[in-house]
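>>> What would the 3D arrangement of this be:
(one chain, ligands or ions: 2)
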Amino acid sequence: MYHEIDLDKVSLSQGPPQEEPGRQYYFMAECRQAVKELEGKLGRRPTFFAQTFGCQMNARDSEKLSGILTSVGYARADSEEADFVIYNTCTVRENANNKVWGRLGYLNAAKKRLPHMKIALCGCMMQEPEVIEKLKKSYPFVSLVFGTHNIYKFAELLSLALKQEEAVIDIWQETDKIVEDLPIERKYPFKSGVNIMFGCNNFCSYCIVPYVRGRERSRRPEDIIREIQDLAGDGVAEVMLLGQNVNSYGKNLDPPTTFADLLREVERVEGISRIRFMTSHPKDLSDELIEVMGASKKICRHLHLPLQSGSSRILKEMNRRYDKGQYLALVAKIRRAMPDIALTTDIIVGFPGETEEDFLETMDVVRKVGFESAFTFIYSKRTGTPAAAMEGQVPEDVVKERFGRLLEEVQRIAAEKAGAFTGRIEPVLVEEVNGQDPRLVTGRMGNNFVVHLPGNEGMVGKIFEVELKECRGFYFYGEVVGFSCIPILGGN
Ligand code: 5AD
Ligand code: SF4
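Numbering: from 1, shown residues only. Ligands and ions are numbered 1, 2, ... in the order given. Sure thing, here's the model as predicted:
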């Protein structure tokens, strides 16, 4: 892990070294000089604003970007009126792209008020060639553009962008490199995401992720464990292990290992009370994993298991490699081993060729499983994916009607599931003071249900025994009945 390298002592006289992460430390030192000069000109500390679009992987990447920006001397700003603005983009659905194009119009106006402002874009959307063409043609005010594969080079690219007026655009098609030991600025002091792997090999036919995030690469277990030990030493109580498909973790390592083995090791790290992970592909979920979860005192009783569709025919078209019966059998096996587990999912409505019968199969699975919560998405056509070229794109009004029906059912079931917890006493990790009512704090149960309770700032980051007084659909109002020793028992 990165332990405060003294950047002022890094020698800039010899030129940058080739090996990483030393090369990036060199460029961080260069950036620090440039930021100091800017500070002299402005008569105040230069500021940065970083905005994340998309998933937890992107949120973790943004913590890496913020870590570098803070180390080189920028102060965080809470709006786009900043000297350096970076958007870490998502492209999983078309509306993610639209949000970024919309914000860029606003940034253009902001840059007119602050002409020295540098604007940077990175992340998944930048891996699309059409996006880069459009940026080059119509968005000349953007100073720095890079993608998902070279994020570790941010300091080097930033140094160049601070030196030159022309835009720096650096997009790689792939990488097999994982660079460790770069600075990270965590959003929360008491919980943290931890990347365990990057990329995806599954090529679900609707999904752009394998094209923009590349092939699966696993971090070495010893690097992951070292990072988690450092996090625990720094006061982190909860880790979320992150990967597009954590169940295939370790297959390509030498020697190969498994996600279940990794979890066993993470469980042994002292100071960590809660372990979460995301995302599991149903086709790869092993019996060994169920066993490890069942026996664990720390792994939260929550599994996010994307269904996508309940129709075996659509699942085949989606290239998901399981059918309705297999999904339901897997759920039954998981529930047998852990009756108290919360299951959440992702569902796509309106995949090409989806008929009313197919949709009713999805509704059937939703009812049979009884998900504690589900993310529902309208199918979005992504250029370059096999589904984009499929016949039978479903008309918008039909999709919207189905989507409405699904959402209603998902919410009804979620409220029913949550309601069953009313009156119970559960450990809750307090995460923040409630944004709307400062007399309340907000936290999560192990199974991911949100709980609001009377409290104060001093409770943040600690686990309390909370009586769940009232259920309001998918969240609770509760009251503290005790302080839970760490590590908590049961993980939920
Ligand atoms: N359209 C709609 N939803 C999508 N997802 C991925 N690709 C698409 C798409 N083209 C959803 C899947 C995935 C989640 C992260 O995003 O449900 O699990
Ligand atoms: Fe996309 Fe499928 Fe990979 Fe998930 S598993 S990132 S849905 S291709």
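
>>> ok, which stretches of the stretch 351-492 of the chain are strands?
Taking DSSP state E, counting those that start in this stretch, the strands of the stretch 351-492 of the chain run over residues 373-378, 425-433, 440-445, 450-454, 463-472, 475-483.

>>> Out of the ones you listed, which is the most enclosed?
strand 440-445 (a mean of 22; mean count of other Cβ atoms under 10 Å). From N, CA and C alone the C-beta is placed, and that goes for glycine too.

>>> For residue 344, list the residues it contacts.
Neighbouring residues of residue 344 by Cβ atoms under 8 Å, 6 or more residues apart in numbering: 302, 303, 304, 305, 371, 372, 373, 374, 375, 448.

>>> In stretch 52-68, which residues are buried?
For stretch 52-68, the neighbour count (16 or more other Cβ atoms under 10 Å) marks 52-55, 57-68 as buried.

>>> Per-residue pLDDT of the residue nearest the centre of the chain, please?
Ranked by distance to the mean C-alpha position of the chain (Cα atoms, centre = their mean), the top residue is residue 56 at 0.7 Å. pLDDT, residue 56: 93.

>>> Would you confirm that it contacts residue 242?
Yes - in terms of Cβ atoms under 8 Å, residue 56 counts as a neighbour of residue 242; the distance is 5.7 Å.

>>> quick one: the residue nearest to the centre of the chain and ligand 1, what's the gap?
Computed with Cβ to the nearest ligand atom, to the nearest Å, the distance linking residue 56 and ligand 1 is 10 Å.

>>> quick one on the thing from earlier: which one (most neighbours) among the contacts of residue 344?
Using other Cβ atoms under 10 Å as the neighbour test, these are led by residue 303, with 27 neighbours.

>>> What residues are bridge-paired with that one?
Residue 303 forms beta bridges with residue 343, as assigned by DSSP bridges.

>>> Out of the contacts of residue 344, which is nearest to ligand 1?
Of all these, residue 375 has the smallest distance to ligand 1: 6.8 Å, by Cβ to the nearest ligand atom.

>>> The closest one pairs with what?
Taking DSSP bridges as the rule, residue 375 bridges to residue 346.

>>> how about the residues of this protein near ligand 2?
With Cβ under 6 Å from any ligand atom as the criterion, the chain meets ligand 2 at residues 200, 202, 203, 204, 207, 209, 210, 244, 245, 281.

>>> I'd like to know which of the residues you listed is nearest to residue 163.
The nearest member of the residues of the chain next to ligand 2 to residue 163, counting by Cβ to Cβ, is residue 209 at 33.7 Å.

>>> which ones are touching that closest one?
Neighbour list for residue 209: 92, 124, 200, 244 [criterion: Cβ under 8 Å, 6+ apart].

>>> Ligand 1 contacts on the stretch 301-450 of the chain?
306, 308, 346, 348, 377, 379, 380, 382.

>>> for the first one, helix, strand, or coil?
So that's residue 306. coil (DSSP: H, G, I helix; E, B strand; the rest coil).

>>> what's the distance between the spatially closest residue to residue 363 that is not a sequence neighbour and residue 299?
Among residues not flanking residue 363 along the chain, residue 409 sits closest, at 6.1 Å (Cβ to Cβ, 6 or more residues apart in numbering). Distance, residue 409 to residue 299, using Cβ to Cβ, to the nearest Å: 29 Å.

>>> got any ranges where this structure has weak pLDDT?
Where the chain drops to pLDDT under 70, the residues are 1-4, 484-492.

>>> for the helix of greatest length in it, which positions count as buried?
When the chain is parsed with DSSP state H, its longest helix is helix 396-419. Within helix 396-419, the residues that count as buried by 16+ other Cβ under 10 Å are 399, 402, 403, 406, 409, 410, 413, 414, 417, 418.

>>> Pretty sure the first one sits against residue 378.
Yes - with the criterion set as Cβ under 8 Å, residue 399 and residue 378 qualify as a contacting pair; they are 5.6 Å apart.

>>> shared neighbours of those two, anything?
The contact lists of residue 399 and residue 378 share 349, 350, where a contact means Cβ under 8 Å, 6+ apart.

>>> Redo the residues of the chain next to ligand 2 as JSON lines? Include secondary structure.
As requested, the residues of the chain next to ligand 2 are exported to JSON lines (three-state DSSP):
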{"residue": "200", "secondary structure": "coil"}
{"residue": "202", "secondary structure": "coil"}
{"residue": "203", "secondary structure": "coil"}
{"residue": "204", "secondary structure": "coil"}
{"residue": "207", "secondary structure": "coil"}
{"residue": "209", "secondary structure": "helix"}
{"residue": "210", "secondary structure": "helix"}
{"residue": "244", "secondary structure": "coil"}
{"residue": "245", "secondary structure": "coil"}
{"residue": "281", "secondary structure": "coil"}
